[in-house]
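[1] got a sequence here, can you build the structure:
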Amino acid sequence: MPTFAPAQLASWTGGRWTAQPEAALAGFTMDTRQLRTGQVFVALKTAKRDGHEFLPAAQAAGASAALVAVANPALSLPQLVVADPLAAFQAIAREHRRTFRGPVIGISGSAGKTSTKNLLALLLGGEAGGVLATEGNLNNHLGVPLTLTRLDPASHQFAVIEAGISGPGDMKPLADMIEPDLALITLIAAAHTQELGGLEGVAREKAVLPAAIHPKGVAIFSKQCTQFAAFRDMFVNQLVLECSTLLRPATQPRHTIHFNVLQHPAETVIVIAYGPPPPVMFKLPRMTDGMAQNAALALTAAIHLGVAPALLQSRLAGWTPAPLRGEIRHEAGRLLYLDCYNANPASMADALVMFQAIAPVSEPRLYVIGCMEELGVEAAMYHRALGRSLNLRESDRLLVTGVLANEVCAGVLDQGDFRRQIQIVSALETIAGVFAEWRGAVFVKGSRRYQLEQALTGAVAREAIHA
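    This next block holds a predicted model:
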């Protein structure tokens, strides 16, 4: 864990110390319940609470100092007084990142950010190999500086930082802190379109991250991104991945990387034409086509950073998706597809294609769907299209929850009279009861809002609690 000098923090923030800290400043936190001895408490003021009210608790918990807008003179705790604690904390993260000489990789996209981040971190050597990676969902204006201030130049070789956004202007402060040497964008799709103003708005916001790379850095993204002006007009070094069965066309542009995906019942094979011939082949556990494309992005980034293909393949042997994030399980004789963290039209379609390809044809299928959030004026259309894509059979059943569940059901009914097989549910207990008794394949996917993992039962539920 890196430590910070008081004079350094004052210089980076333009702040003033009420007293000089005597103990080492060992990291930052905004939550006194999680505060470890020696950490700096960041007193943030939000609509729900004012962190300054917790300064006595921070001192009692062993904080070495606090970052504040208004000092509490009743405390002996050294306090660095700044105009805006959040802006100051982000400035600390940015300046600390600049002390790191290893590659910093920023990752964003409308789906697959977390799984791509986890895979790339593994390919670069993982925690044991000196890789700092975003933990959990710490990918926003608070999570990114928390992650960057954990970066230790003495022990880390790489940093893999996830950047998540939900509204206009969100990416700029994240990109300014990350200052990526490499930037990966998984795809541009309908996610947060309500706030961002359609797909072009999503593309403009996501493009801010690769546009912020260092002059010698590289942006890596799929050809799908280039249908949007923000990516076509981007004047930075770039590698554009294009899926093609012709891996080395004679007229291949210098910045185009061709790859191919071969799907087998139990494995996915990715072939990438990057570097001297022949193309390199990698084998992974079975995954969706969308995740395979993201894996190709991660593999390309790792090759670009100098990791040998043979070492990459050996590291892939340890790859498993994060729990409940596009996870395939076999439990009590049933095939389960579980994704309780992300749902937008692109990721939903991608997951359904794979599930319907690998689920045994002879078994009934239970679809548990949580609605997709923040899709703006086109939300009803997307949900109705989702219902049409389910292709229910006579033995299948659908349980759907959420504000536009009726549109999903309407889409199913557009395909035939399946009224006895579909049900709108509001209580997770109802889903849990059906799930426990179902004897066949199960597909579970929905936005984080619906916390569908709480409806899982048996061994799946026990594992979900610890995920």
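
[2] quick check: phi and psi at residue 59.
    Main-chain dihedrals, residue 59, degrees, to the nearest 10: phi -60, psi -40.

[3] start at 31 instead
    Yes, from this point I'll number from 31; that puts the last item at residue 89.

[4] surely it meets residue 108?
    No. Shown here, residue 89 and residue 108 do not form a contact pair, counting by Cβ atoms under 8 Å, at 9.8 Å. C-beta coordinates here come from the backbone N, C-alpha and C atoms, glycine included.

[5] who touches both of those two?
    Common neighbours of residue 89 and residue 108, using Cβ atoms under 8 Å, 6 or more residues apart in numbering, are residue 96.

[6] all strands of the stretch 331-480 of the chain, in order?
    355-361, 364-369, 395-400, 427-431, 452-454, 471-475 (DSSP state E, counting those that start in this stretch).

[7] mind checking the SS state of residue 291?
    strand (DSSP: H, G, I helix; E, B strand; the rest coil).

[8] contact partners for the nearest residue to residue 435 once chain neighbours are set aside?
    In space, and not counting its chain neighbours, residue 435 is closest to residue 454: 4.4 Å by Cβ to Cβ, 6 or more residues apart in numbering. Residues in contact with residue 454 (Cβ under 8 Å, 6+ apart) are 430-431, 435-436, 439.

[9] how about residue 123?
    174-176, 178-179, 207 are the contacts of residue 123 under Cβ under 8 Å, 6+ apart.

[10] and the helix or strand harbouring it, what's its mean pLDDT?
    Per DSSP states H and E, residue 123 falls inside helix 115-127. In this model, helix 115-127 has a mean pLDDT of 98.

[11] elements contacting whichever helix or strand comes after that helix?
    Note on helix 115-127: by DSSP H and E, the next helix or strand toward the C-terminus is strand 134-138. Judged by 3 or more Cβ pairs under 8 Å, 6 or more residues apart in numbering; DSSP states H and E, strand 134-138 is in contact with helix 143-153, strand 188-192, helix 201-208, strand 212-215, helix 228-241.

[12] reformat the ones you listed as JSON lines; add distance to residue 372, mean pLDDT and mean neighbour count.
    Formatted as JSON lines, the helices and strands packed on strand 134-138 follow (distance: least, Cβ to Cβ, whole Å; pLDDT from 0 to 100; neighbours: other Cβ atoms under 10 Å):
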{"stretch": "helix 143-153", "distance to residue 372": "8", "mean pLDDT": "95", "mean neighbour count": "24"}
{"stretch": "strand 188-192", "distance to residue 372": "13", "mean pLDDT": "98", "mean neighbour count": "27"}
{"stretch": "helix 201-208", "distance to residue 372": "18", "mean pLDDT": "98", "mean neighbour count": "22"}
{"stretch": "strand 212-215", "distance to residue 372": "16", "mean pLDDT": "98", "mean neighbour count": "28"}
{"stretch": "helix 228-241", "distance to residue 372": "15", "mean pLDDT": "92", "mean neighbour count": "22"}
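
[13] looking at the ones you listed, which is nearest to residue 113?
    Closest approach to residue 113 among the helices and strands packed on strand 134-138 (Cβ to Cβ): helix 201-208, 15.6 Å.

[14] burial count for the nearest residue to residue 425 once chain neighbours are set aside?
    The shortest distance from residue 425 to any non-neighbouring residue, by Cβ to Cβ, 6+ apart, is to residue 394 (3.8 Å). The burial count assigned to residue 394 is 17, neighbours taken as other Cβ atoms under 10 Å.

[15] need the contact list for residue 394.
    Listed by Cβ under 8 Å, 6+ apart, the contact partners of residue 394 are 423, 425-427, 468-471.

[16] hang on, the earlier thing: the strands of the stretch 331-480 of the chain into JSON lines, with extra columns for distance to residue 380 and mean pLDDT?
    Shown next, in JSON lines, are the strands of the stretch 331-480 of the chain (distance: least, Cβ to Cβ, whole Å; pLDDT from 0 to 100):
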{"stretch": "strand 355-361", "distance to residue 380": "9", "mean pLDDT": "88"}
{"stretch": "strand 364-369", "distance to residue 380": "10", "mean pLDDT": "94"}
{"stretch": "strand 395-400", "distance to residue 380": "15", "mean pLDDT": "97"}
{"stretch": "strand 427-431", "distance to residue 380": "19", "mean pLDDT": "97"}
{"stretch": "strand 452-454", "distance to residue 380": "22", "mean pLDDT": "96"}
{"stretch": "strand 471-475", "distance to residue 380": "10", "mean pLDDT": "97"}
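
[17] right, and those - which one's nearest residue 189?
    Checking the strands of the stretch 331-480 of the chain against residue 189 by Cβ to Cβ gives strand 355-361 as the closest, at 21.3 Å.

[18] so what strands line up beside the closest one?
    Its sheet considered, strand 355-361 pairs with strand 364-369 (antiparallel) by DSSP bridges.

[19] one step back: pull the helix holding residue 123 out as CSV, backbone CA atoms only.
    As requested, the backbone C-alpha atoms of helix 115-127 are provided in CSV (Å, rounded to 0.1, in the frame of the first residue of the first chain):
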residue,chain,number,x,y,z
PRO,A,115,-13.1,17.4,-1.0
LEU,A,116,-14.2,15.4,-4.0
ALA,A,117,-12.3,17.5,-6.5
ALA,A,118,-9.3,17.4,-4.2
PHE,A,119,-9.5,13.6,-3.9
GLN,A,120,-9.7,13.3,-7.7
ALA,A,121,-6.7,15.6,-8.0
ILE,A,122,-4.7,13.4,-5.6
ALA,A,123,-5.6,10.3,-7.6
ARG,A,124,-4.6,12.0,-10.9
GLU,A,125,-1.2,13.2,-9.6
HIS,A,126,-0.5,9.9,-7.9
ARG,A,127,-1.2,8.1,-11.1
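
[20] got the phi/psi numbers for the closest residue to residue 479 other than its chain neighbours?
    Excluding the flanking residues, the one nearest residue 479 by Cβ to Cβ, 6+ apart is residue 403, at 5.9 Å. Torsion angles at residue 403 (phi, psi; degrees, to the nearest 10) stand at phi -100, psi 160.

[21] and residue 403, how close does it get to residue 221?
    9 Å (Cβ to Cβ, to the nearest Å).

[22] more crowded one of the two?
    residue 221 (27 against 20).

[23] can I assume that one sits in a helix?
    No. Using three-state DSSP, the assignment for residue 221 is coil, not a helix.

[24] let me know the outermost residue of the chain.
    residue 104 (42.0 Å; Cα atoms, centre = their mean).

[25] check contacts around it.
    Taking Cβ under 8 Å, 6+ apart as the definition, residue 104 has no contacts.

[26] show me what the helix or strand harbouring residue 288 is packed up against.
    Secondary structure assigned from DSSP H and E places residue 288 in strand 286-293. Contact analysis of strand 286-293 by 3+ Cβ pairs under 8 Å, 6+ apart lists strand 268-273, strand 297-303, helix 319-334 as its packing neighbours.

[27] and it, how far out from the chain's middle?
    23 Å (Cα atoms, centre = their mean, to the nearest Å).

[28] do stretch 439-446 as well
    On Cα atoms, centre = their mean, the centre of stretch 439-446 falls 32 Å from that of its chain.

[29] for residue 141, phi and psi?
    phi -160, psi 150.

[30] can you get me a residue count around it?
    Neighbours of residue 141 (other Cβ under 10 Å): 26.
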